[in-house]
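[1] Next input, structure requested:
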Amino acid sequence: MDMKEIAARGLVLLGCGKMGGAMLAGWLAEGLSPEAVTVLDPAPSDWLKSLKGVKLNTDLPESPAVAIIAVKPQMMGDALPALKALGGETVFVSIAAGTPIAAFEAALGDVPVVRAMPNTPAAVGRGISAVIGNAAVSAEQLDMACDLLSAVGEVVRLENEDQIDAVTGVSGSGPAYVFHMIEALASAGEAQGLAPEMAMKLARATVCGAGELAYQDAASAEQLRVNVTSPNGTTQAGLEVLMGELPDLMQRTVEAATKRAKELRS
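    All right, here's what the predicted structure looks like:
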């Protein structure tokens, strides 16, 4: 299944908030015809309403190629009945956090379901999504789901659904850890005499630049760290403090987020 088949049969997007909107913008930028898209959203944004050709809150197409479920978990009970009539030829792709595949199977029946965990950098096309499909999903259908998600970043495939909790702890919640690191780095700069605005500008640019370097350079993160660290220099002095505490702190941080993810689905 490819974009041509999706264009021919149609795509349904249930929920078009920040994540759903980012994906829709990515699909349209990659050439998906707006006329192939039907969006169901109770509070559409001005941007969504301005899109020419996209069908908004209209009747659903008959047996579309894919239905993307992008509503908040607490809205799931009200949203799913609208999709039940689509049938087993449609692939259902959920990006709703905390809702297991079994919940969709109970609500929709024996249909192909792909569960995905994207993260917020998808809004700028730099996200990463982890995916897992149920037994009804064919290899071709899983490829199609990955192709759709790749419009907003990278995609990795999981071996089992339980791994979603660890993914949530690392990449799902991870952007917030990085944003807090920017806050902490800027605060540390202020403590050394920098003006607040300058400290924040330096911290943001440093984290963003280092992230881009890690993204573009094939070297390992360890090697990139070594490349910056001169023996007995300033970076080594700073790392002697950071490396004594950060690994354990990050371990406990991800463990706490993963544990909470498990609690939310139990």
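
[2] give me the beta-bridge partners of Glu154?
    Per DSSP bridges, residues listed as beta-bridge partners of Glu154: Ile128.

[3] How about the contacts made by it?
    Applying C-beta atoms under 8 Å, 6 or more residues apart in numbering, one finds that Glu154 lies in contact with 127-129. To be clear about C-beta, it is placed using only N, CA and C from the backbone, and glycine gets the same treatment.

[4] Skipping its backbone neighbours, what lies nearest the residue positioned nearest the centre of the chain in space?
    To find the centre residue of the chain, average its C-alpha atoms and take the closest one (C-alpha atoms, centre = their mean): that gives Pro118, at 1.6 Å. Taking C-beta to C-beta, 6 or more residues apart in numbering, and ignoring the residues beside it in sequence, Pro118 has Ser129 as its nearest neighbour in space, at 4.1 Å.

[5] what phi and what psi does the backbone show at Ser230?
    Here the main-chain torsion angles of Ser230 (degrees, to the nearest 10) amount to phi -80, psi 140.

[6] Let me know how buried it is, in neighbour terms.
    Using other C-beta atoms under 10 Å, Ser230 is surrounded by 9 other residues.

[7] okay but it is in contact with Ala237, surely?
    No - in this structure, Ser230 sits apart from Ala237 without contact. The criterion is C-beta atoms under 8 Å, and the distance is 10.3 Å.

[8] hmm, back to that, the residue nearest to the centre of the chain touches Gly125, doesn't it?
    No - the pair Pro118 / Gly125 is not scored as a contact, 11.6 Å apart, by C-beta under 8 Å.

[9] Tell me, how many residues neighbour Lys49?
    The number of residues packed around Lys49, counting by other C-beta under 10 Å, is 11.

[10] residues contacting it?
    Leu56.

[11] and it, what helix or strand is that in?
    Secondary-structure assignment from DSSP states H and E places Lys49 in helix 46-50.

[12] Buried residues, that helix. List them.
    Across helix 46-50, burial judged by 16 or more other C-beta atoms under 10 Å covers Leu48.

[13] Over to stretch 67-78?
    Buried residues in stretch 67-78, counting neighbours by 16+ other C-beta under 10 Å, are found at 67-71, 76.

[14] Looking at these, spot the one nearest Ala107.
    Ranked by distance to Ala107 (C-beta to C-beta), the buried residues of stretch 67-78 are led by Met76 at 8.1 Å.

[15] Am I right that that closest one is in a helix?
    Yes - membership of Met76 in a helix is supported by DSSP: H, G, I helix; E, B strand; the rest coil.

[16] so it touches Ala97, yeah?
    No - in this structure, Met76 is not within contact of Ala97 by C-beta under 8 Å, at 10.6 Å.

[17] Return the residues in contact with Ile182.
    By C-beta under 8 Å, 6+ apart, Ile182 lies in contact with 200, 203-204, 207.

[18] Buried among these? Make that a PyMOL selection.
    Selecting in PyMOL just the buried members of those, where the criterion is 16+ other C-beta under 10 Å, is done with this command:
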select buried, resi 200+203+207
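
[19] Narrow the contacts of Ile182 to those in helices?
    200, 203-204, 207 (DSSP state H).

[20] For stretch 66-82, measure first residue to last.
    End-to-end distance of stretch 66-82: 14 Å, with C-alpha to C-alpha, to the nearest Å as the criterion.
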